[in-house]
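> pasting the structure only:
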């Protein structure tokens, strides 16, 4: 059961014996107060005092506050606020009920300095609550209802923007970096400002790789820009120019640090920051923010006509990976290597010529790092955004080998780019001037001429062939458009069957349509499937102690096939446990341009290790096994390729047996196992793997049987000119055994259809990686195909868009470089220069309205 509603009251007994009764006690509440900073610049800054003034309090209780005892008020202490406890304020005595009073005096609290250093580039800002606390007299207890708080932001009065700088610079260049200093307070700053507080920016070069142009003598590695006056809500741009030391090691890391210095707001040294101070204009200053400017010190590109490799890197390529590749190519392979840095020019443009740098390396090896890198304050980019697919296709057709490294996180962009490269888009000319382009009356005539020419005669001009489209079989029931599409599809299917190692895009052209002919079948030739285009699936990291054997293998694979084939045959009779002398492995007219320098003493004759020789053999086995497998797999029961032209369709196999062997005859079978294994791959690839192939071989109508006859003849001829008769007999007998072993191994690998699968297993065993696979990019768009008009139009749009975006990127790079880089030539005056705009000398026509990518 509930009782009656209760009540209470307060009785006060005074010292004079009187007493008074009140319905409730006094309740003091904060009505308002004002918070200002000590120097009145509108910024609550670490190291200065915060002031609370104009405190107004109301008594909302039922009795007056004490009239004989003062109530003390202070600022509540927090992580950032340390109240000055010796400077309290006191509430007026005897505040009547509902009365609002103003508290005399001000309160102060010290805004604490930062205790922990911030990460570079992190702007300091903290929020806190300013709360007041009142204490009951005598019992020293906080008055619970005395509440009132306001939120404040703690920060510095000057702000420093992130610097505009290049993350890749070259030795000898003069570089200008800029940044912006802004005053966000309501008082002017600087030594001549209202507050007479020193401030400025400090740039330091801890590694002493840069020389500041305007630095004082004896202090070329630090530069202070003192602030004279910066008005409220104003900003000033500051720049510094420095020279990159010519002694800096190429592909090393450089670092500049930028700090904003501002003097302490107070004068008590005990209250200064513990995180490091500097002296500026006689005043103690502290760093309110710092930015590291990490830079890659690039090498300076120079074309060496004798270089076997071009390595294309960028600012985000690990420097250690670059040095590993340099050491491997120059010190282990004993070959020359050029290096081009995309982050220096923002394009593939050779600054010396204004042409695409890849045009210096037709028929050579190009290794491109495909990782993303920061692109001149315009987001990120990669080589796949800058390299013209049309040019790459032309160079691949000329025998330039491409390998993409470091693209493990950019695989989709890489595959999209490769897809554009395999079938380049260019305008069809009904009257071609290129001698490689054919105009035939029938497909049979076209195929016969292409068979006779063979795959070795495809030129850089990327020929465009054509034949008239025949009317439909039931012309009365079909339209000219459908007849043309049917003829194009039929042509694409026939090309795939008769030229499995070549790649054609077939489309119809209606401009030649007549009443008796629906149009012309246009056949654009892309790069062949025997061309080398690979990507490493193992990332390169800064922590790698050296190149993995897997990466070494892929670099060796990037050498042109004819180069590796010559090296392979040079190894015969000269290979031992220590490898082979570089003067021996690089002999032959094909390798004249790659020979090491003239040897002065025997100690300068360097050896190529036996392991690298093994990689050369493995790479040849893979290429030959892949080529023969692609040529013979899915062949029709009765091959339509003339027997006498069969081997001419395989460019790598031709090169392997077609070169002039060294004049000395090998008369020993010692250390010839690598030859046996490679010949075993060739012969094993020609053995029948199915009943259809076996039956076709018995009838001598299968593609493998026709090819095997020519390969046996070519192999016998070559071996007889390189080896003594007894050695030839040994190699042939052993390679037959090896071929049977290869066939059994292929059958034991699920899904395998050629010796290519065996080669991958052998590679994994040799480099000691369970999954030593790489991406063979030549397998993208593996078949000849037909393009309908919508597809052809979409290809044009895709390529034109690519060109436009690349040109916009390069224009941005030229603008930034023109403002920030001064190239210093000996004896030349200093003046800002930008890389020249490249004009690619097109050999074949391109999409109408599109322009070649200068880089």
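Thanks, I have the structure now. Not measured: the values here are computed from a predicted model. Residues are numbered from 1 along each chain as shown.
> going forward, measure contacts between C-alpha atoms and count neighbours the same way
Noted.
> which helix runs longest in this structure?
helix 789-820 (DSSP state H).
> could you list the buried residues of that helix?
Judged by neighbour count (16 or more other C-alpha atoms under 10 Å), helix 789-820 contains these buried residues: 792, 795-796, 799-800, 802-803, 806-807, 809-810, 812-814, 816-818, 820.
> now stretch 670-683
672, 674-683.
> run through who's touching it.
The set of residues external to stretch 670-683 that reach it, using C-alpha atoms under 8 Å, 6 or more residues apart in numbering, is 572-573, 575-576, 614, 617-618, 620-621, 624-625, 628, 708, 731-732, 734-740, 742, 755.
> are any of those buried, and which?
Buried members of the contacts of stretch 670-683, scored by 16+ other C-alpha under 10 Å, are 572-573, 575, 614, 617-618, 620-621, 624-625, 628, 708, 731-732, 734-736, 738-740, 742, 755.
> quick one on the thing from earlier: turn the buried residues of stretch 670-683 into TSV, columns for distance to residue 606 and pLDDT.
Below are the buried residues of stretch 670-683 laid out as TSV (distance: C-alpha to C-alpha, whole Å; pLDDT from 0 to 100):
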residue	distance to residue 606	pLDDT
672	22	91
674	22	93
675	23	93
676	27	95
677	27	94
678	26	93
679	28	95
680	31	93
681	31	92
682	32	93
683	34	92
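> now, those that are in helices?
With DSSP H as the criterion, helices contain 674-683 from among the buried residues of stretch 670-683.
> distance to residue 151 for those - can I get that in JSON lines?
Output for those, formatted as JSON lines (distance: C-alpha to C-alpha, whole Å):
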{"residue": "674", "distance to residue 151": "79"}
{"residue": "675", "distance to residue 151": "82"}
{"residue": "676", "distance to residue 151": "83"}
{"residue": "677", "distance to residue 151": "80"}
{"residue": "678", "distance to residue 151": "79"}
{"residue": "679", "distance to residue 151": "83"}
{"residue": "680", "distance to residue 151": "82"}
{"residue": "681", "distance to residue 151": "79"}
{"residue": "682", "distance to residue 151": "81"}
{"residue": "683", "distance to residue 151": "84"}
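> all helices of the stretch 601-750 of the chain, in order?
For the stretch 601-750 of the chain, applying DSSP state H, counting those that start in this stretch gives helices covering 610-632, 651-658, 673-685, 691-698, 703-722, 725-747.
> relative to residue 485, which of these is closest?
helix 610-632 (26.9 Å; C-alpha to C-alpha).
> report the distance from that closest one to the chain centre.
Centre-to-centre, helix 610-632 and its host chain are 30 Å apart (C-alpha atoms, centre = their mean, to the nearest Å).
> got the angle for that helix vs helix 703-722?
Using axes from the mean of the first three to the mean of the last three C-alpha atoms, to 10 degrees, the direction of helix 610-632 lies 140 degrees away from that of helix 703-722.
> and helix 610-632, what's its mean pLDDT?
What helix 610-632 shows for mean pLDDT is 92.
> hang on, the earlier thing: nearest to residue 330, of the buried residues of stretch 670-683?
Relative to residue 330, the closest of these is residue 674; by C-alpha to C-alpha it sits at 24.7 Å.
> tally up the residues packed near residue 301, please.
Residue 301: 16 surrounding residues under other C-alpha atoms under 10 Å.
> report the contact partners of it.
The contact partners of residue 301, taken as C-alpha under 8 Å, 6+ apart, are 338-341.
> between the strand or helix carrying residue 176 and helix 789-820, how big is the angle?
Per DSSP states H and E, residue 176 falls inside strand 174-183. With the same axes, to 10 degrees applied, the angle from strand 174-183 to helix 789-820 works out at 80 degrees.
> show me which parts of strand 174-183 are buried, residue by residue.
Buried residues in strand 174-183, counted by 16+ other C-alpha under 10 Å: 174-177, 179, 181-183.
> I'd like the average pLDDT over that strand.
Regarding strand 174-183, the rounded mean pLDDT is 95.
> pull the residues that contact that strand.
Outside strand 174-183, the residues within contact range by C-alpha under 8 Å, 6+ apart are 157-166, 169, 189, 230-244, 819-824.
> if you look at the residues you listed, which of them are in helices?
Here DSSP H is the test, and the contacts of strand 174-183 give 819-820 as lying in helices.
> please list only the buried members of the contacts of strand 174-183.
Among these, those buried by neighbour count (16+ other C-alpha under 10 Å) are 157-166, 169, 189, 230-232, 235, 240-244, 820-824.
> among those, name the ones in strands.
Cross-referencing the buried ones among the contacts of strand 174-183 against strands under DSSP state E gives 158-160, 169, 235, 240-244, 821-822.
> put together CSV for these, with distance to residue 315 on each row.
Below are those laid out as CSV (distance: C-alpha to C-alpha, whole Å):
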residue, distance to residue 315
158, 32
159, 29
160, 25
169, 9
235, 31
240, 22
241, 21
242, 19
243, 19
244, 16
821, 16
822, 19
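> closest to residue 688 among those residues?
Nearest to residue 688 out of those is residue 169 (C-alpha to C-alpha; 58.1 Å).
> please name the nearest non-neighbouring residue to the closest one.
Excluding its sequence neighbours, the residue lying closest to residue 169 (C-alpha to C-alpha, 6 or more residues apart in numbering) is residue 297, at 5.3 Å.
> give me the phi and psi for that neighbour.
phi -90, psi 110 (degrees, to the nearest 10).
> check contacts around it.
168-171, 248-254 are the contacts of residue 297 under C-alpha under 8 Å, 6+ apart.
> could you do residue 163 as well?
The neighbourhood of residue 163, defined by C-alpha under 8 Å, 6+ apart, consists of 177-180, 291.
> residue 307 touches residue 330, doesn't it?
No. Using C-alpha atoms under 8 Å, residue 307 makes no contact with residue 330, being 10.2 Å away.
> quick one: common contacting residues for these two?
By the contact definition C-alpha under 8 Å, 6+ apart, residue 307 and residue 330 are jointly contacted by 336-337.
> show me which of those two is the more surrounded one.
Under the neighbour definition other C-alpha under 10 Å, residue 307 and residue 330 were set side by side, and residue 307 has more, 17 against 13.
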